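> From the sequence below, what's the structure:
(4 chains)
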Protein chains: 2
Amino acid sequence: MHIMMNRQNEPKMSELDRYPKPAVTVDLVLMSVQDARLTVLLQRRATEPFAGRWALPGGFVRVEESLDAAAERVLAEKARMQGAWIEQLYSFGAPHRDPRDRVITVAYFALLPRARFEAALTDAGDLTLATLEVSWEGETGGPVAALGPDGAALPLAFDHGDILSLAVKRLRGKLDYTEIGFALLPDRFTLRELQDVHEAILGRPLNKPAFRRRMLERGWLESTGERETGTGFRPAELYRLKPRKG
Amino acid sequence: MHIMMNRQNEPKMSELDRYPKPAVTVDLVLMSVQDARLTVLLQRRATEPFAGRWALPGGFVRVEESLDAAAERVLAEKARMQGAWIEQLYSFGAPHRDPRDRVITVAYFALLPRARFEAALTDAGDLTLATLEVSWEGETGGPVAALGPDGAALPLAFDHGDILSLAVKRLRGKLDYTEIGFALLPDRFTLRELQDVHEAILGRPLNKPAFRRRMLERGWLESTGERETGTGFRPAELYRLKPRKG
DNA sequence: CATCATAATATGCATTATAGATATAAGTGA
DNA sequence: TCACTTATATCTATAATGCATATTATGATG
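Numbering: from 1, shown residues only, chains lettered A, B, ... in the order given. The predicted structure follows:
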């Protein structure tokens, strides 16, 4: 491709080269559910700007790479995971959100079951799985705090607090009418586990019979015929998500 | 600001300058409702690529300008309008969506009442208000055709068909639980006019008593005390949208 | 082997939301 | 004043949902 020189007075310059270009990154809001709480993967910044603060894993978009592909690459390289539910969230482009230079970021959110984080968290010392503290109900939106292991709020870099806030809002909004919740569960799961995930995301308890009815009537689930074992009480049936047509 | 030179072998190069940068634009899906049909403003391209085809109004994002501000500027400069409901839609970044070079676009959708298009359409010969033909129901999504005055589908430039399709999907999705529908009406309107807008967007008839009840119970509307005139039958009450708190 | 504790599962009922049909009211124009 | 048309109000059937209660399957206990 091209190595472009964005000088102002080049003759026969195309419209494409007339303006200085912003850099474009993708940032990943990689969420999970642990102990009935919503969590997010954060990376401690070693260098300026915002050295010592916590940031979403991110990276620059390559010239021959789609936005989705860049998000997948960041997932693999920075978070050392793959196969997540991944979805574009929103683009953030305030002129000085990065104090160095103009950087526009396309935020993605990604979801994986908690067990899939184990390897990355032990390998990489700069990663942490922070607990999300959401102070608002429903889908009104509002601030979100990321708590460290000691329960103290982690200071965030750039506008990543805004991104986090929007991610939670979007996740709550899509939970009920998409298959998004299943991305946080293993292949086989009980209805109670599914309900736990929904309650963690929504931040409120749900009615059990109504939840069961609704989920089963959706037609997304199929029974595996298997059951939990070693429960000490009636074992729950294990369900799986039906493979999508198409 | 900076004039950047994206050469590969510069010493002490920051991470920001290591990769060639894509260009970033905003594209505007400026929609309205005319004769009970959803419409969109398109601009005929005079130059390559896609000369003769129809494109969404768009423009490059300036270095000292937020994405939202760029969208507002495009609305003013290209579509010659202002004060629209405007909202970020999605970012499109397939590597060769622009055959010349790497261009990532942040798509916005904007809504205005039909009357506000009059000046722009008479002033500028390259603009047209195309009727949208939506071949799917609900929020499943799918292709959308833009019809010219003769009813023939207009050929679209770039990936603007995809953008259009997503805009209609998003609009349908947000219609019921946000105040978005009012952006297509004048300050004062009747419940029937509001229902007409909803039916045009959803592409299906709605139950009248249920629609009235729901709208009035939302608490978004307030009566002006005035009524239509010159109808030849019982005049409908004129409502307005309550000013939002905050 | 009978009993108990526990949580899964199933069932019934009250409440609410919604769709659809129908009736009534309020204007215009003859 | 009357006929006409559409706005507005009311009513009923159906569906969705919340909540309470009953039943069932397992492991632990004696």
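> going forward, measure contacts between C-alpha atoms and count neighbours the same way
Noted.
> Kindly check the end-to-end length of stretch A:120-129 for me.
10 Å (CA to CA, to the nearest Å).
> May I see the buried residues of it?
Using 16 or more other CA atoms under 10 Å in any protein chain shown as the test for burial, stretch A:120-129 gives A:120-121, A:127-129.
> and which of these is nearest A:Val29?
A:Leu129 (11.2 Å; CA to CA).
> What strand or helix carries that closest one?
strand A:127-134 (DSSP states H and E).
> okay but A:Asp162 is in contact with A:Pro143, surely?
Yes: between A:Asp162 and A:Pro143 there is a contact under CA atoms under 8 Å: 7.4 Å.
> Whichever strand in chain A runs longest versus strand B:23-34: what angle between them?
What stands out as the longest strand in chain A, according to DSSP state E, is strand A:23-34. Interaxial angle of strand A:23-34 relative to strand B:23-34 (axes from the mean of the first three to the mean of the last three CA atoms, to 10 degrees): 70 degrees.
> what's the following helix or strand after the top helix by length along chain A?
The longest helix of chain A (DSSP state H) is helix A:160-175. Using DSSP H and E, the next helix or strand after helix A:160-175 towards the C-terminus is helix A:191-202.
> Buried residues of that next one, list them for me.
A:191, A:193-202.
> Same check on stretch A:147-164?
So stretch A:147-164, judged by 16+ other CA under 10 Å, has buried residues A:147-148, A:153-161, A:163-164.
> Pretty sure A:Glu118 sits in a strand.
No: A:Glu118 is assigned helix when assessed by DSSP: H, G, I helix; E, B strand; the rest coil, not a strand.
> how many neighbours does it have?
10 (other CA atoms under 10 Å in any protein chain shown).
> Around DNA strand C, pick out the residues from chain A.
Residues of chain A lying close to DNA strand C by CA under 7 Å from any atom of the strand are A:190-192, A:208-209, A:232-238.
> tell me the angle the strand holding A:Leu129 makes with helix A:160-175.
Using the same axes, to 10 degrees: strand A:127-134 against helix A:160-175 is 70 degrees.
> Tell me how far strand A:127-134 lies from the chain's centre.
What separates the centre of strand A:127-134 from the centre of its chain is 11 Å, taken as CA atoms, centre = their mean, to the nearest Å.
> relative to helix A:191-202, how tilted is that strand?
80 degrees.
> Touching strand A:127-134 from outside, list them.
For strand A:127-134, contacts defined as CA atoms under 8 Å, 6 or more residues apart in numbering or on different chains pick out A:37-44, A:120-121, A:143-149, A:203.
> and what of stretch A:192-208?
With CA under 8 Å, 6+ apart, stretch A:192-208 has contacts from A:33, A:36-38, A:134, A:137-138, A:168, A:171-172, A:175, A:181-182, A:184-185, A:211.
> same thing but at 7 Å, please
A:33, A:36-38, A:172, A:181 (CA atoms under 7 Å, 6 or more residues apart in numbering or on different chains).
> of all these, which two lie farthest apart?
Going by CA to CA, the pair spanning those furthest: A:Ala36 and A:Arg172, at 14.9 Å.
> Tell me which of the two has more neighbours.
A:Arg172 (20 against 15).
> Which positions within stretch A:20-36 qualify as buried?
Buried residues in stretch A:20-36 (16+ other CA under 10 Å): A:20-34.
> again, but for stretch A:210-219
Buried residues in stretch A:210-219 (16+ other CA under 10 Å): A:Phe211.
> average pLDDT for that stretch?
Taken as a whole, stretch A:210-219 has an average pLDDT of 95.
> and if you look at stretch A:85-100?
97.
> What residues sit buried inside that stretch?
Those would be A:86, A:88-98, for stretch A:85-100 by 16+ other CA under 10 Å.
> Narrow these to those in strands?
Per DSSP E, these map to strands at A:86, A:88-92.
> and which of these is nearest DNA strand C?
Distance to DNA strand C across these (CA to the nearest atom of the strand) is lowest for A:Leu89, with 27.2 Å.
> Now the nearest residue to that closest one once chain neighbours are set aside: which helix or strand?
In space, and not counting its chain neighbours, A:Leu89 is closest to A:Tyr108: 4.8 Å by CA to CA, 6 or more residues apart in numbering or on different chains. Secondary structure from DSSP H and E places A:Tyr108 in strand A:103-111.
> If you compare the directions of that strand and helix A:160-175, what angle comes out?
40 degrees.
> Quick one: mean pLDDT for the longest strand of chain A?
98.
> next one: the helix or strand following that strand to chain centre, how far?
Sequence-wise, the next helix or strand downstream of strand A:23-34 (DSSP H and E) is strand A:37-44. Mean C-alpha position of strand A:37-44 versus that of the full chain (CA atoms, centre = their mean) differs by 9 Å.
> and the following helix or strand past strand A:37-44, how far out from the chain's middle?
Beyond strand A:37-44 on the C-terminal side, the first helix or strand identified by DSSP H and E is strand A:54-55. Relative to its chain's centre, strand A:54-55 lies at 14 Å (CA atoms, centre = their mean).
> repeat for stretch A:185-198
With CA atoms, centre = their mean, you get 18 Å for stretch A:185-198.
> and A:Val29, how far is that from DNA strand C?
Note on A:Val29: its distance to DNA strand C, by CA to the nearest atom of the strand, to the nearest Å, is 30 Å.
> residues contacting that residue?
A:Val29 neighbours (CA under 7 Å, 6+ apart): A:40, A:56, A:108-110, A:164.
> 8 Å instead, please
Per CA under 8 Å, 6+ apart, neighbours of A:Val29: A:40-41, A:56-57, A:107-110, A:163-164, A:167.
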